[in-house]
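Participant: attaching a predicted model along with its sequence, questions to come.
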Amino acid sequence: MDPAASPVADEPRAEVVAEPTPAEAPAEPEAAATAPAEDEPADVVRAAEVTRTWHPGGPDETPATSGDLADADAEPEREAAPEAATEVADDDTAAAVEESPNGTTDLTGEAILLVGAATAAETGSAVESEPAAETDSAVESDAAVESEPADAAIEPAPVADDHEGERGVAVIPLGTIATGTTPMPRKKRTIRVAREAPAPEAPIVLSIDGLVKRFGDTTAVDAISLGIRAGSFYGIVGPNGAGKTTTLSMITGLLRPDGGSVHVNGIDVWKEPRAAKRITGVLPDRLRLFDRLTGAEMLYYAGSLRGLDHRTVLDRSADLADAFGLEDALDRLVADYSAGMTKKIALACAMIHSPRMLVLDEPFESVDPVSAANLTDILERYVAGGGTVLLSSHSMDLIERVCDSAAIIVGGRVLASGTLDEVRRGDTLEERFVELAGGRKAAEGMEWLHSFSD
Ligand SMILES: Nc1ncnc2c1ncn2[C@@H]1O[C@H](COP(=O)(O)OP(=O)(O)OP(=O)(O)O)[C@@H](O)[C@H]1O
């Protein structure tokens, strides 16, 4: 999200309580990658030990990673010293390990679903193998690819299409401009038909009630309430500074609310943070990762921290790397990853423990279109398997293509929420968003900009 929106000195992360800061690589980078004996009961403990040996960075570093397990309850807000944050995280890690003596989570069924989904999620095969029926009312019109007869009348201008042939889209022919006898190839525009929202009787997996957060005189989140049903692909949109990140941070236990409550699957996030975090996967804003680890080590760390046993972590890491197209990057330091690759490895870390719900802050930012399509496919399969995704994005088009429901947040308040059709009310999401966000600002003034410096 826009760093300019929140001054560095006051940024939410300063208040975040999370894992130890990865300013330095572990003394022995092989620690995570070196496989303990298969039957060694202390796989996970080893990860906890590794955590303890890492040294938090300098005071500038703020701890937050996608695999957060830290208990923010024990943490003073904002002014928390890095050492304190580390200690809390360590304790919590140890506790998490103790809670998983057999090295597994209690989500085995979902794990199988997720890993199965991830394995099958290679873009090409997914496109071919997925029946259109799975994407609800997706319709592809063959007519769209046909050439127009030479005598066709002038029709609306063609629109370039980046998503040609994409699974689960309606293809809307926009016509051609006929020129003499040579038929112009007809271009087509694809618009994803919105997914069906979960049935009203589907259980609410995320319940947000009267959430409030203030920063001094600024009320960043002003009594937000939302109910998100299991199996929903839910998008949050809003202008810069609307309170999206602040809201997501409170939902995931990273930022303590001033008021209100959050329940995940009936668990109070702020009363039972560990239990809530066990079923939540988080891609936080402004990724701060243990980037002196390789991708493989990061996945191993994330999986171990979540209580997975050695074999399971390796298997899932391989599946996730394959699904995200990171196989060849696993042995490279995350510090050397591109922005998109970093986003992908962070997302893989968020998914490795097969959470019931994924909370993703701008997951598609910096991700190239092909990878975004791949990522979308992975998330859709996750949702089809019963998972729930809550994401924020500035891309209205993306939200319209992948989500079934959305909320528009402006000035810390929900101004519209519900299924996409309920929110859009016959307009596009962008039009509705612009309307609720106060309309377009006339580009007046700044005539000096046209005086050009030369
Ligand atoms: N730690 C903080 N201290 C002071 N103000 C903060 C802090 N964190 C956020 N804010 C303020 O809270 C408001 C909401 O910020 P938030 O980051 O949640 O917005 P956002 O919707 O995610 O914005 P963007 O789309 O630009 O990322 C902003 O006015 C921001 O300046």
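Facilitator: Yep, that arrived. Numbers count the residues shown, from 1 in each chain.
Participant: okay, helices next: where are they in this protein?
Facilitator: All helices of the chain, identified by DSSP state H, fall at 30-33, 43-53, 82-98, 108-119, 123-129, 244-251, 273-278, 295-305, 310-324, 339-351, 369-384, 396-402, 420-424, 429-436.
Participant: any weak-confidence spans in the stretch 251-400 of the chain?
Facilitator: Of all residues in the stretch 251-400 of the chain, none has pLDDT under 70.
Participant: can you rerun that using 80?
Facilitator: For the stretch 251-400 of the chain, residues meeting the criterion pLDDT under 80 lie at 286-288.
Participant: which residues touch stretch 432-451?
Facilitator: Stretch 432-451 is contacted by residues 237-239, 242, 396, 408, 410, 415-416, 423-425, 427 when judged by CB atoms under 8 Å, 6 or more residues apart in numbering. For glycine as for every other residue, the C-beta is placed from the backbone atoms N, C-alpha and C.
Participant: buried members of the residues you listed into ChimeraX, please.
Facilitator: Buried subset of those, written as a ChimeraX selection, criterion 16 or more other CB atoms under 10 Å:
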select :237,238,239,242,396,408,410,415,416,423,424
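Participant: which ones among the contacts of stretch 432-451 come in contact with the ligand?
Facilitator: With CB under 6 Å from any ligand atom as the criterion, those include 238, 242 near the ligand.
Participant: what does the stretch 151-300 of the chain put close to the ligand?
Facilitator: So the stretch 151-300 of the chain meets the ligand at 215, 218, 220, 238, 240, 241, 242, 243, 244, 245, 246 (CB under 6 Å from any ligand atom).
Participant: how about 5 Å then?
Facilitator: 215, 220, 240, 241, 242, 243, 244, 245, 246 (CB under 5 Å from any ligand atom).
Participant: filter the residues you listed to the buried ones?
Facilitator: Applying 16+ other CB under 10 Å to these flags 215, 220, 241, 242, 243, 244, 245, 246 as buried.
Participant: if we can go back for a sec, restricted to strands, list the contacts of stretch 432-451.
Facilitator: Using DSSP state E, the members of the contacts of stretch 432-451 that fall in strands are 237, 408, 410, 415, 416.
Participant: excluding chain neighbours, give the residue nearest to the fourth one in space.
Facilitator: So that's residue 415. residue 436 (4.6 Å; CB to CB, 6 or more residues apart in numbering).
Participant: please report the distance of the one you found from residue 413.
Facilitator: 10 Å (CB to CB, to the nearest Å).
Participant: can I get stretch 407-420 as PDB, trimmed to CA atoms?
Facilitator: C-alpha atoms of stretch 407-420 as PDB (Å, rounded to 0.1, in the frame of the first residue of the first chain):
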ATOM      1  CA  ALA A 407     -17.000  -3.900   0.600                       C
ATOM      2  CA  ILE A 408     -16.200  -0.300  -0.300                       C
ATOM      3  CA  ILE A 409     -14.500   1.500   2.600                       C
ATOM      4  CA  VAL A 410     -14.100   5.200   2.600                       C
ATOM      5  CA  GLY A 411     -12.800   7.200   5.600                       C
ATOM      6  CA  GLY A 412     -12.700   4.200   7.800                       C
ATOM      7  CA  ARG A 413     -16.400   3.300   7.200                       C
ATOM      8  CA  VAL A 414     -18.100   0.700   5.100                       C
ATOM      9  CA  LEU A 415     -20.200   2.600   2.600                       C
ATOM     10  CA  ALA A 416     -21.300  -0.400   0.600                       C
ATOM     11  CA  SER A 417     -21.000  -4.200   1.100                       C
ATOM     12  CA  GLY A 418     -22.600  -7.400  -0.100                       C
ATOM     13  CA  THR A 419     -22.500  -9.400  -3.300                       C
ATOM     14  CA  LEU A 420     -20.800  -7.700  -6.200                       C
END
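Participant: who's in contact with residue 318?
Facilitator: Contacts of residue 318 (CB under 8 Å, 6+ apart): none.
Participant: now do it against residue 411, distance only.
Facilitator: Residue 318 is 45 Å from residue 411, by CB to CB.
Participant: what does residue 249 give?
Facilitator: Taken as CB to CB, the span from residue 249 to residue 411 is 17 Å.
Participant: compare these two (neighbour count), which wins?
Facilitator: The neighbour comparison of residue 249 against residue 411 (other CB atoms under 10 Å) goes to residue 249, with 27 against 16.
Participant: find the nearest non-adjacent residue to that one, please.
Facilitator: Closest to residue 249 by CB to CB, 6+ apart is residue 255, at 3.7 Å.
Participant: tally of neighbours for the one you found?
Facilitator: Residue 255, neighbours per other CB under 10 Å, totals 23.
Participant: I'd say it and residue 243 touch.
Facilitator: No. With contact defined as CB atoms under 8 Å, residue 255 does not reach residue 243; the gap is 11.3 Å.
Participant: in stretch 205-214, what counts as buried?
Facilitator: 205, 206, 207, 208, 211, 212, 213.
Participant: sort out for me which of those are in strands.
Facilitator: Short answer: those in strands (DSSP E) are 205, 206, 207, 208, 211, 212, 213.
Participant: and of those residues, the nearest to residue 342?
Facilitator: residue 206 (26.2 Å; CB to CB).
Participant: let me see the contact set for the residue lying closest to the closest one once chain neighbours are set aside.
Facilitator: Among residues not flanking residue 206 along the chain, residue 228 sits closest, at 4.1 Å (CB to CB, 6+ apart). Residue 228 sits next to 204, 205, 206, 207, 208, 234, 388, 390, 405 when contact means CB under 8 Å, 6+ apart.
Participant: what do you get for residue 261?
Facilitator: Residue 261 touches 207, 208, 209, 210, 211, 268, 269, 270, counting by CB under 8 Å, 6+ apart.
Participant: try it again with 7 Å
Facilitator: For residue 261, the contacting residues are 209, 268, 270, by CB atoms under 7 Å, 6 or more residues apart in numbering.
Participant: hey, what's it bridged with?
Facilitator: residue 209 (DSSP bridges).
Participant: how much space separates it from residue 211?
Facilitator: For residue 261 relative to residue 211 (CB to CB), the value is 8 Å.
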